[in-house]
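In: A predicted structure for the sequence below; I have some questions about it.
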Amino acid sequence: MAKIAIIKTGGKQYKVSQDQVLKIEKIDAADGAALKFQTLMVADGDKVELGRPSLGDLVEGKVVEQGRKDKISVIKFKNKTRYKRNVGHRQPFTKVKITKI
């Protein structure tokens with residue numbers, strides 16, 4: 001069974017494994033830059049290590065891409081008052097490949 005870990009970044013927690021690629025909240029780092037993530041849990045088969053609250057920076061990753069998601073339309077509308085607003089939003093993200101657990 002592969003080694004898995006729970007990491008925390010951008011106010012969210014992610015379950016990751018070796019060589020996994022995932023999109024996380026934007027981090028200011030150049031493409032190819034190395035990152036270390038706060039690790040909350042590591043599991044290797046039946047052996048489980050829990051942090052209280054964390055185990056340190058055990059998980060390492062590499063920035064693959066910086067980008068923005070597809071545009072969503074945020075509409076505000078009030079009936080019978082001629083009020084309508086339409087605002088677009090594109091959430092920035094960082095695509096990261098997990099290199100070492």
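Out: That came through fine. Numbers count the residues shown, from 1 in each chain.

In: alpha carbons only for contacts and neighbour counts from here, please
Out: Fine.

In: need the contact partners of the one helix or strand in the chain whose mean pLDDT sits lowest.
Out: One helix or strand of the chain scores below all others by mean pLDDT, DSSP states H and E: strand 47-50, with a mean of 88. With contacts defined as CA atoms under 8 Å, 6 or more residues apart in numbering, strand 47-50 is touched by 40-43.

In: contacting residues around the residue most central in space within the chain?
Out: Taking CA atoms, centre = their mean, the centroid of the chain lies closest to residue 24, which sits 2.2 Å from it. Applying CA under 8 Å, 6+ apart, we find residue 24 in contact with 9-10, 93-96.

In: those strands in the protein, which residues are they?
Out: Ranges of strands within the chain are 4-9, 12-17, 21-25, 34-44, 47-50, 56-68, 72-78, 83-89, 92-100, based on DSSP state E.

In: worst average pLDDT in those?
Out: Set side by side, those give their lowest mean pLDDT on strand 47-50, at a mean of 88.

In: how about the least confident helix or strand of the chain: buried residues?
Out: Neighbour-count burial for strand 47-50, counted by 16 or more other CA atoms under 10 Å, picks out no residue.

In: that strand pairs with which strands?
Out: strand 34-44 (antiparallel) (DSSP bridges).

In: got the angle for the strand it pairs with vs strand 56-68?
Out: 120 degrees (axes from the mean of the first three to the mean of the last three CA atoms, to 10 degrees).

In: how about the CA coordinates for strand 34-44, as PDB?
Out: What follows is strand 34-44, C-alpha atoms only, in PDB (Å, rounded to 0.1, in the frame of the first residue of the first chain):
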ATOM      1  CA  ALA A  34      10.200  23.400  -4.400                       C
ATOM      2  CA  LEU A  35       7.600  23.700  -1.600                       C
ATOM      3  CA  LYS A  36       7.200  22.100   1.900                       C
ATOM      4  CA  PHE A  37       3.800  21.500   3.400                       C
ATOM      5  CA  GLN A  38       2.600  21.400   7.000                       C
ATOM      6  CA  THR A  39       1.900  17.700   7.600                       C
ATOM      7  CA  LEU A  40      -1.000  16.600   9.900                       C
ATOM      8  CA  MET A  41      -0.900  12.800   9.400                       C
ATOM      9  CA  VAL A  42       1.200  10.200   7.700                       C
ATOM     10  CA  ALA A  43       0.100   6.600   7.100                       C
ATOM     11  CA  ASP A  44       2.200   3.800   5.700                       C
END
